[in-house]
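J.: what would the 3D arrangement of this be:
(one chain, ligands or ions: 1)
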Amino acid sequence: MPIGKEMKKMRIVAPPGTVDILPEEVRMDRYVESVFLEKCRLFGYSEIHTPVFEYGELFTKGIGSVTDIIEKELYTFTDKGGTHLALRPEGTTSVTRAVLQHELCRSLPAKFCYKITCYRQENPEKGRLREFHQIGAECFGSGDPRADAEIISLAYESLTAMGVHNLRLNINSVGCEHCRVGYINELTRYLLPYANKGRLCPTCLKRLGKNPIRVLDCKNPDCKTIAKGAPKLIDYICPDCLEHYNGVKAQLTAMGIEYNEKPGLMRGLDYYNRTVFDFKAGSGGAIGTVCGGGRYDTLCRRIGSDKELPAVGFAIGEERVVIAMSEQSPHLAEPERPAVYVVSTDAAAAALCLLELRKRRVYAEGDVIGLSETAQLSRAVSLGARWLMFPEENGFRLKNTASGEEQRIEADNWETAVKIIGEK
Ligand code: HAM
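T.: Here you go, the predicted structure:
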């Protein structure tokens, strides 16, 4: 058996971009999810679960083949039957597929929410993982600005209730397929001289001919600088898209939700049209983007449906929210304190007390190692137990750890004991 350094060398750790979610983070996750699901209930969104993997072409068609997610980040594999599959990089495409497959859109609007694990082969950094979690909501069947405003309001209410402060909402309109034709011509005219001078990265050079809008998502510093000076899509949108955008803004104002208009906001997925938005928290940067969303009226058609179904949604990055919350609300990560610690070296007597308490939904701890009574008392203190219980002949004694007050309870008087424990 190897020891010391050799043993260390052999130790297998989690792969890059994946993390073990430790108990304090799990507590934060549970809190975030419970706040979100409660908000979804109030807004009428029903939870849906979809598979972790799908046919690869679902994502290629839905998200767009010339996007970072598909070109660089999608985890794909071929199963033993030769089927090409992919791990889901996000939830919208899968939920849309499920809505169409099960005809969940017979009564409209149809509203769904989810909490999912996603996979993207990105360069890992703080708040950017290869395996991460999203909580999101999707509303199908309305092209009206009220639906956009309602979904933004659900995201805003959820993030605020979770305790994420310093939220900033950015919005933009990316128009529709028709008004984009003129824009793409202008954008190509702007980018060509840079391409000819060799100032675009190889990926952007390829994108220029296929999907020039995605040049604007490039993370290469030179391409980013060039993108800053590019014509803005919002200046090219058609009157209908402009009216829609104005409608969303008016509705947000009516709801008292503040927003910044950000003409450069494009979002890196091809399925968006009209409204796009994101929420930033804290001091900004990539870690600051805690939520992204928008309208995707053509996604059903992109994935093979002959029907159009307008839709709008968002997803919140759970890890990023937990980072923001652990700075702002660290108490949520603290473990729950036991209500009672049963102190006894008589294993059978202690086990019976623990059983009776837990049956009555009291969080009770006791010794399972074989500690002395003194060591058990230290353990009770370190766990922060509020009461000590000492099994005795025909009953037990309860001691409050804060006040020192003691009470003797007779054998089968568990309801009285639970009442006392619950009161203090
Ligand atoms: P997205 O902007 O790609 O949009 O992701 C949404 C959120 O997921 C981001 O704002 C971020 O908080 C989090 N996120 C994304 N990638 C990572 C990562 N590698 N590590 C940690 N967190 C990450 C979508 O996924 C769309 N499906 C949102 C949507 C729903 N649009 C309409 N409906």
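J.: can you list contacts of the helix or strand hosting Gly62?
T.: Assigned by DSSP states H and E, Gly62 belongs to helix 56-63. Helix 56-63 is contacted from outside by 69-70, 74, 76, 84-86, 88-90, 92-94, 96-97, 269-271, 299, 302-304, using CB atoms under 8 Å, 6 or more residues apart in numbering. C-beta: built from backbone N, CA, C; applies to glycine.
J.: and if we set it to 6 Å?
T.: 69-70, 76, 84-86, 93, 97, 269, 271, 299, 302-303 (CB atoms under 6 Å, 6 or more residues apart in numbering).
J.: with stretch 345-365 instead?
T.: 338-342, 344, 366, 373, 383, 389, 391, 414, 418.
J.: for the helix or strand encompassing Leu208, buried residues please.
T.: For Leu208, the host element (DSSP H and E) is helix 202-210. Residues 203-205, 207-208 are the ones in helix 202-210 that count as buried (16 or more other CB atoms under 10 Å).
J.: ditto for stretch 238-249
T.: 241, 244-245, 247-249.
J.: buried subset of the contacts of stretch 345-365, written for ChimeraX?
T.: The buried subset of these, as determined by 16+ other CB under 10 Å, is captured in ChimeraX by this line:
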select :338,339,340,341,342,344,366,389,391,414,418
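J.: save the contacts of stretch 345-365 as TSV, and put in secondary structure too.
T.: Shown next, in TSV, are the contacts of stretch 345-365 (DSSP: H, G, I helix; E, B strand; the rest coil):
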residue	secondary structure
Pro338	coil
Ala339	coil
Val340	strand
Tyr341	strand
Val342	strand
Ser344	coil
Gly366	strand
Glu373	helix
Leu383	helix
Met389	strand
Pro391	strand
Trp414	helix
Val418	helix
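J.: can you name the two of the contacts of stretch 345-365 that sit furthest apart?
T.: Glu373 and Val418 (23.9 Å; CB to CB).
J.: separation between the residue of the chain found nearest the ligand and Tyr296?
T.: Closest approach between the chain and the ligand, counting by CB to the nearest ligand atom: Gly317, at 2.3 Å. Here the criterion is CB to CB, to the nearest Å. By it, Gly317 lies 18 Å from Tyr296.
J.: more neighbours, the two?
T.: Tyr296 (27 against 23; other CB atoms under 10 Å).
J.: without its sequence neighbours, what residue ends up closest to the more buried one?
T.: Tyr271 (4.3 Å; CB to CB, 6 or more residues apart in numbering).
J.: can you list the low-confidence ranges for the stretch 151-300 of the chain?
T.: Scanning the stretch 151-300 of the chain for pLDDT under 70 picks out 283-287.
J.: that one: strands as residue ranges?
T.: 168-173, 260-261, 273-280, 289-295 (DSSP state E, counting those that start in this stretch).
J.: for the second one, which strands pair with it and how are they oriented?
T.: Applying DSSP bridges to the sheet, strand 260-261 is found paired with strand 168-173 (parallel).
J.: buried stuff in the partner strand?
T.: Quick answer for strand 168-173 (16+ other CB under 10 Å): 169-173.
J.: could you do stretch 257-268 as well?
T.: For stretch 257-268, by 16+ other CB under 10 Å, it's 257, 259, 262, 265-268.
J.: quick one: residues contacting Tyr259.
T.: 169, 171, 252.
J.: all helices for the stretch 301-424 of the chain, in order.
T.: 318-328, 347-359, 373-383, 414-423 (DSSP state H, counting those that start in this stretch).
J.: so which of the ones you listed is nearest Ile151?
T.: Of all the helices of the stretch 301-424 of the chain, helix 318-328 comes closest under CB to CB, at 17.2 Å.
J.: show me what that closest one is packed against.
T.: The helices and strands touching helix 318-328, judged by 3 or more CB pairs under 6 Å, 6 or more residues apart in numbering; DSSP states H and E, are helix 23-43, strand 131-140.
J.: give me the mean pLDDT for it.
T.: Averaging pLDDT along helix 318-328 gives 87.
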